[in-house]
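Visitor: okay, predicted coordinates and the sequence, questions at the end:
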Amino acid sequence: MSKMISINKQGVKDGENAVITLNIARLASGTKIDLPIYVYRSKNPGPILLLSGGLHGDEVNGVEIVRRMVANHTFEHLHCGSVIAIPIMNIYGFLNFSREVPDGKDINRSFPGSLTGSLAARVAYNLTHKVLKEIDLGIDFHTGGASRYNYPQCRFSPSDEYSKKIADVFNAPITMASKLIDKSLRKEAYKMGKSIIVFEGGESMRFDEHVIQNGIRGARRVMKHLGMITQAPHEEENVFCSNSFWVRAKSSGMFTATIHSGKEVKKNQIIGKITDPFGQFETKVKASHTGIIIGHNNMPLVNQGDALFHIGIH
C-alpha cells in the first residue's frame with residue numbers, strides 16, 4: 001500500500017479519484033476564489049506526478065493541455081502511481097488575463113511563500129505546503145509571455161540529473177538546460193528533493209494546437225515511462241540545445257520577422273528588419289549565432305534593446 005495523499009486535510013486513498021477544492025482567498029467583492037485540484041490514484045503503488053498549468057494566468061496553452069487530459073479521462077485508469085492535475089494554479093491571473101496576481105507580483109517568483117505575506121506569497125505558500133509536499137515529480141506547462149512565441153520546448157535543471165532524464169522522455173521538439181530561478185516553483189521543488197520539468201510553447205492569450213498536442217504527447221510519454229499507462233506516442237525528432245542567446249533590437253521602430261521559430265539559422269543571416277512608420281530608415285536584424293530559433297517576438301512595435309529572437313545552440 002502506498003502513502004495516503006492528503007491535500008487541504010482531505011485524504012485520497014489508493015484506487016480513489018477526487019476533486020479537492022483549495023480556498024486561496026477572496027476577491028474584493030467577497031467572492032471566494034477556489035482552486036480545483038484533481039487527484040487520481042491507482043490501486044498499485046508508484047510515483048506521484050504533478051501536471052500543472054496556468055501558474056501565469058495568461059498562459060492558456062498549459063491550461064488547455066491539462067484540461068484536455070482531464071476531460072479525455074487520461075488519468076482515470078492508472079496502472080500504478082498517482083496523478084495530481086491542476087489546470088489553473090493562478091486563478092486571479094486567469095480571470096484578469098494577467099501573468100501576475102492583482103498585487104502585481106509573480107507567483108513563480110514568490111516560493112516558498114508566506115501565510116502573512118503578499119497575495120502572491122500566500123498562493124505560493126498554499127501550493128508549497130499543500131501540493132508540492134505530496135508529489136515526487138512534475139511537469140509545469142508554460143507559454144511565452146509579453147507577445148513572445150516559444151517553439152515547443154522542454155527545460156530541465158542542469159543540476160538535477162533526474163529532471164534531464166524526464167525531459168528526454170518527454171521528447172519535445174527542443175530540449176534545453178535551464179538554470180533554476182530563485183523563488184520559483186521548480187527551485188522550491190528541487191530544494192524538497194523533487195524534480196519538475198517545464199514545457200514551454202506558444203504565445204500568451206493564444207491557443208496553439210501544435211503546442212497543445214506536443215504537450216499532451218510529451219506528458220503521455222512520461223506517464224508511460226513511469227508505468228502509469230501502457231500506450232504513448234512514439235518519439236519524434238528532437239534537438240538538444242546546450243545554450244541560448246537573445247538577439248535584441250538595435251533601434252526602435254516597426255519590427256517584422258522574416259523567419260520564425262523552429263527554423264535553423266546561420267550566424268549573420270538576416271532574420272528580420274526594423275523600420276520607421278514613414279519608410280525613412282530600415283535596419284536589418286541578423287542572427288548572432290548559428291543555431292535554431294526557439295522563440296521570437298510578435299510585437300509589431302519594439303524599442304531599442306527589446307528581445308526579438310531566442311536562438312538555441314546545438
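Guide: Noted; the coordinates are in hand.

Visitor: how close does residue 232 sit to residue 144?
Guide: According to CB to CB, to the nearest Å, residue 232 and residue 144 sit 26 Å apart. From N, CA and C alone the C-beta is placed, and that goes for glycine too.

Visitor: these two: which has the busier surroundings?
Guide: residue 144 (27 against 18; other CB atoms under 10 Å).

Visitor: isn't the more buried one up against residue 205?
Guide: No: with contact defined as CB atoms under 8 Å, residue 144 and residue 205 do not form a contacting pair (10.5 Å).

Visitor: let me know the pLDDT of the closest residue in space to residue 171 that isn't next to it in sequence.
Guide: Excluding its sequence neighbours, the residue lying closest to residue 171 (CB to CB, 6 or more residues apart in numbering) is residue 235, at 4.9 Å. The score at residue 235 is 93. That number is its pLDDT.

Visitor: go on, residue 35?
Guide: Residue 35 carries a pLDDT value of 91.

Visitor: tell me the SS of it?
Guide: Following DSSP: H, G, I helix; E, B strand; the rest coil, the label given to residue 35 is strand.

Visitor: again, but for residue 123
Guide: Taking three-state DSSP, the label given to residue 123 is helix.

Visitor: go on, residue 163?
Guide: Put simply, residue 163 is helix when judged by three-state DSSP.

Visitor: my guess is it contacts residue 169. True?
Guide: No: applying CB under 8 Å as the test, residue 163 and residue 169 come out as separate, 10.7 Å apart.

Visitor: between those two, which one's more packed in?
Guide: Just comparing residue 163 and residue 169: by other CB under 10 Å the higher neighbour count belongs to residue 163, 27 against 18.

Visitor: quick check: the more buried one vs residue 240, distance?
Guide: Counting by CB to CB - residue 163 and residue 240 are separated by 14 Å.

Visitor: residue ranges of the helices in this protein, please?
Guide: 60-71, 91-95, 119-130, 161-170, 185-191, 209-225 (DSSP state H).

Visitor: for those, which has the smallest mean pLDDT value?
Guide: Among the helices of the chain, helix 91-95 scores lowest, at a mean of 89.

Visitor: for that one, list the C-alpha coordinates in CSV.
Guide: What follows is helix 91-95, C-alpha atoms only, in CSV (Å, rounded to 0.1, in the frame of the first residue of the first chain):
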residue,chain,number,x,y,z
ILE,A,91,-7.0,31.7,-10.7
TYR,A,92,-6.6,35.5,-10.2
GLY,A,93,-4.4,36.0,-13.2
PHE,A,94,-6.6,33.7,-15.4
LEU,A,95,-9.7,35.8,-14.6
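
Visitor: in that helix, what counts as buried?
Guide: For helix 91-95, the buried set under the neighbour-count rule, 16 or more other CB atoms under 10 Å, comprises 91, 92, 93, 94.

Visitor: right, I'll leave it there.
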